[in-house]
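Chemist: would you be able to build a 3D model of this:
(chains A and B)
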Amino acid sequence: MTAVTAPAVTAEPAGPRRPLRSGKLIAGLAVAGFFVLAGVLGPLFAGDPEEIGYERLMPPSAGHWLGTTNTGQDVLAQLLVATRGSLTIGVVVGVLATVISLLVGVLGAYLGGWLDEGFSLLSNVFLVIPGLPLVILITDYLETGGPVALALTITITSWAGPARVIRAQTLSLRGRDYVDAARVSGERGWRIMVFEILPNLVPIIAAQLVFAVIGGILLDAALSFLGLAGGSAGSWGSMLYFAQNASALSTGAWWWFVPPGLCIAVLGAGLSLINFGIDEIIDPRLRRATS
Amino acid sequence: MGYLRRKIVFYAVALWAAVTLNFAIPRLIKGNPVDIMLARAAQGGQPMPAEARHALELQFGVSDDPLWQQYLGYVGNLLHGRLGLSVTYYPTPVSTVIAQSLPWTLGLAGVALLVTVVLGLGLGMLAGWRRGGAVDALIPATTFLAAIPYFWLALILLYVLGLGLGWFPLNGGYDYAGVQMGPTLAFAASVASHGALPALTVVASSVAGWMLGMRNMMVSTMAEDYVVMAEAKGLSPRRVMLAYAARNAVLPSVAGFAISLGFVVSGLLATEVVFAYPGIGFALLQGVQNADYPLMQGIFLIISLAVLGANLLVDLLYGVIDPRTRKA
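Modeler: As a prediction, this is how the structure comes out:
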């Protein structure tokens, strides 16, 4: 990153040195942190999300902050457990997709030749084949999947985009002088990749990881909403599935179907803000003239 | 014409991959789709008679033949448009079910995409042109819009605009009871009013990506020398914006069409379910709920085919608007 910021500083010698701090990044991290806390600690304090009560389809009250479902279950308790479930899927998908995309992107771009051709073709093919129908097809055949199988399946459709971005960046880094210098001085290929190229990919990797987490959460939500995730109330999408099946919409039980979607949207927006923050740090031209 | 040939070869490979995935997934996971179907039917309390097994095996092309023969048979069936019989709408062929639902999805997706692209690129251009201006102030709000799952936005819009305010019909593709399907004005009006809310859903949740991409490229492009030169020559701001900055800034958005299209299609599938819109996504859900594997596989194929075709068209268009790609 220092290589990027240095010209920006010399270009405006008169002005005060701007610290690399982005409001968007901080806001995004705060939102993400809030959800992580809620997902980790929330289920410990919330009651049993499966507990069936007599107060059915009650609007929010002091006893049930977010009201109850059609079987009298507490929506808040369900929401907290679902937060944990959705976050877990998102993080697992994000990490897996990023690791695969790093392997494919860096190895392909660095080694070049037929390996690069093959990897590029593979990722481009997976990029254009529509993801949701493919995942629906696989999960439906898997039947007894569970969250692990679900995360693996979603990963199949989420590694290709990041791999392409990482490949492009690696290609540009590969031709830099310091990489040539390392090669001439006899460093081994894997060492150049891990210690010379990888550190300079960190901002891009971080951005791709965040994208993959959002993608994983959204795809899981869509799958669960369609009733393909095994039927447990384990994620935001499956809450929406149960709400939809119980006609929460036509009975006006907004407290049931609004919170899960709102959580997805707010967390997604927070994660996007993190990415904009990273983008602005990498590319000073994107910073606002006024800030 | 290396560019054209490269693109066509690539999409041929992608199509082959989709077709082969479709063949391989059932066999990789369980070995035999017929076993799964029979097990599902037995679970559902409707065990199938023994002779049904043979019929299903014929239909799926499952046999003791070597795998390559099964594969050839499968490809042969595809080339003749034989996708098998739908279980849900038995004994309607899958191709008929798809032919009935595809026009709905194509129409909806086409209109929604067109509005999204025009609106997104236009707003993005203005936001980047007047950085820090009124349109640019919308950008943070669009991040929130972009993160909303399509189907949830559909639920909310349905709840507020459909159920609450009563502006739009709640579900379906047209007024099944009141209007006859046909080339009449009443039918067209009914289709338009039923499609408005699903289309609005797609536009609202996908416009942000286009807007942001265009805005950032505008900002980069406006720092280029040729834009400064155009301004220095005293050209009108409108001309500089449209013919110099925007024309070059739009290229990555066009190139990124493939990825956005995938998202739109995925989002559209779930949206159709919410609105009970009689398109491909709704048919897919029927297939999922009824263990209708021929239907699901047929729909996966046809969606892949449509997406690949649209991408090929856009790539060819890209070759026309950016001559550099043809040389490289």
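Chemist: for the rest of this, base every contact and every neighbour count on C-alpha atoms.
Modeler: Fine.
Chemist: ok, which residues in the stretch 51-200 of chain A are in contact with chain B?
Modeler: A:121, A:125, A:127-134, A:137-138, A:140-142 (CA under 8 Å from any CA of the partner chain).
Chemist: buried subset of those residues?
Modeler: The neighbour-count test (16 or more other CA atoms under 10 Å in any protein chain shown) marks A:125, A:127-134, A:137-138, A:140-142 as buried among these.
Chemist: quick one: which of those residues sit in helices?
Modeler: Using DSSP state H, the members of those that fall in helices are A:V125, A:L127, A:V128, A:G131, A:L132, A:P133, A:L134, A:L137, A:I138, A:D140, A:Y141, A:L142.
Chemist: quick check, nearest of these to A:G53?
Modeler: Distance to A:G53 across those (CA to CA) is lowest for A:D140, with 32.7 Å.
Chemist: show me what contacts that closest one?
Modeler: A:L228, B:V288 (CA atoms under 8 Å, 6 or more residues apart in numbering or on different chains).
Chemist: go on, A:T155?
Modeler: Neighbours of A:T155 in contact, by CA under 8 Å, 6+ apart: A:V93, A:G94, A:L96, A:A97, A:G216.
Chemist: distance to A:D116 for the residues you listed - can I get that in TSV?
Modeler: Converted to TSV, these look like this (distance: CA to CA, whole Å):
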residue	distance to A:D116
A:V93	24
A:G94	23
A:L96	21
A:A97	18
A:G216	26
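Chemist: relative to A:G277, which of the residues of the stretch 51-200 of chain A next to chain B is nearest.
Modeler: Scanning those for proximity to A:G277, where the rule is CA to CA, the winner is A:L127, at 25.7 Å.
Chemist: before we move on, back to that, Throw the contacts of A:T155 into TSV and include pLDDT and secondary structure, thanks.
Modeler: Listed next are those as TSV, based on pLDDT from 0 to 100; DSSP: H, G, I helix; E, B strand; the rest coil:
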residue	pLDDT	secondary structure
A:V93	93	helix
A:G94	93	helix
A:L96	94	helix
A:A97	94	helix
A:G216	90	helix
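Chemist: now the two most distant members of these.
Modeler: A:L96 and A:G216 (10.5 Å).
Chemist: the two - which one has more neighbours?
Modeler: A:G216 (27 against 22; other CA atoms under 10 Å in any protein chain shown).
Chemist: how close does the residue nearest in space to the middle of chain A get to chain B?
Modeler: Centroid-nearest residue in chain A: A:V213, 1.2 Å away (criterion: CA atoms, centre = their mean). Separation of A:V213 from chain B (CA to the nearest CA, to the nearest Å) stands at 12 Å.
Chemist: quick one: residues contacting that residue.
Modeler: A:G90, A:V91, A:V92, A:V93, A:G94, A:V95.
Chemist: about what we covered before: mind putting the buried ones among the residues of the stretch 51-200 of chain A next to chain B in TSV, pLDDT included?
Modeler: Formatted as TSV, the entries for those read as follows, by pLDDT from 0 to 100:
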residue	pLDDT
A:V125	86
A:L127	84
A:V128	82
A:I129	84
A:P130	83
A:G131	82
A:L132	84
A:P133	85
A:L134	86
A:L137	82
A:I138	84
A:D140	78
A:Y141	77
A:L142	75
